[in-house]
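[1] coordinates only, no sequence provided:
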């Protein structure tokens, strides 16, 4: 299978990339920072933002003739430091808007499988969910 990955350069995303490639799958990763992910066979890397629908579309077209069977999203917000308790510097709706953009672009491309890894709703955050 061929996958679209968002968050592939993060802690969890790197494990997802390794596991997919070790099982013989291919992927295209949309990364926010050029050079944040090591190139490997079977992995196409596109620099862009998940807040940009055109960047997501570019990632979908990055490995012709393959079309993603599914998207795997392991995005996280950017923080001032590596601590999960550090102040967030990403826009307040970064994760929600990114997921909405991916779903819209994938739907237009005919891809209806999306896996989202999130801690939203864990612990005290449950009350903040819409």
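    Structure received. Just so we're clear, the structure is a prediction, and the values are computed from it rather than from any experiment.
[2] which residues in the chain form strands?
    Using DSSP state E, the strands assigned to the chain run over residues 2-6, 26-31, 43-47, 70-73, 114-116.
[3] now these as a markdown table including mean neighbour count, distance to residue 83 and mean pLDDT?
    For the C-beta atoms, the positions are set from N, CA and C on the backbone; glycine is no exception. A markdown table is the format used below for the strands of the chain (neighbours: other Cβ atoms under 10 Å; distance: least, Cβ to Cβ, whole Å; pLDDT from 0 to 100):
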| stretch | mean neighbour count | distance to residue 83 | mean pLDDT |
| --- | --- | --- | --- |
| strand 2-6 | 25 | 22 | 96 |
| strand 26-31 | 23 | 22 | 96 |
| strand 43-47 | 19 | 26 | 96 |
| strand 70-73 | 22 | 22 | 95 |
| strand 114-116 | 15 | 23 | 93 |
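[4] redo those as TSV? Include distance to residue 16.
    Compiled in TSV, the strands of the chain are given as follows (distance: least, Cβ to Cβ, whole Å):
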stretch	distance to residue 16
strand 2-6	7
strand 26-31	9
strand 43-47	11
strand 70-73	6
strand 114-116	9
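[5] to residue 122, which of the ones you listed lies closest?
    strand 114-116 (13.7 Å; Cβ to Cβ).
[6] partner strands of that closest one, parallel or antiparallel?
    Paired with strand 114-116 in the same sheet, following DSSP bridges, are strand 70-73 (parallel).
[7] just how off-centre is the strand it pairs with within its chain?
    For strand 70-73, the gap between its own C-alpha mean and the chain's C-alpha mean amounts to 7 Å (Cα atoms, centre = their mean, to the nearest Å).
[8] how about the helices of this protein, start to end?
    When secondary structure is read from DSSP state H, the chain shows helices at 11-22, 53-60, 94-109.
[9] deepest of the ones you listed, which one?
    helix 53-60 (a mean of 18; mean count of other Cβ atoms under 10 Å).
[10] that one relative to strand 2-6, how many degrees between them?
    With axes from the mean of the first three to the mean of the last three Cα atoms, to 10 degrees defining the directions, helix 53-60 sits at 140 degrees from strand 2-6.
[11] could the helices of the chain be laid out in JSON lines, adding mean pLDDT?
    As requested, those are arranged in JSON lines below (pLDDT from 0 to 100):
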{"stretch": "helix 11-22", "mean pLDDT": "95"}
{"stretch": "helix 53-60", "mean pLDDT": "96"}
{"stretch": "helix 94-109", "mean pLDDT": "94"}
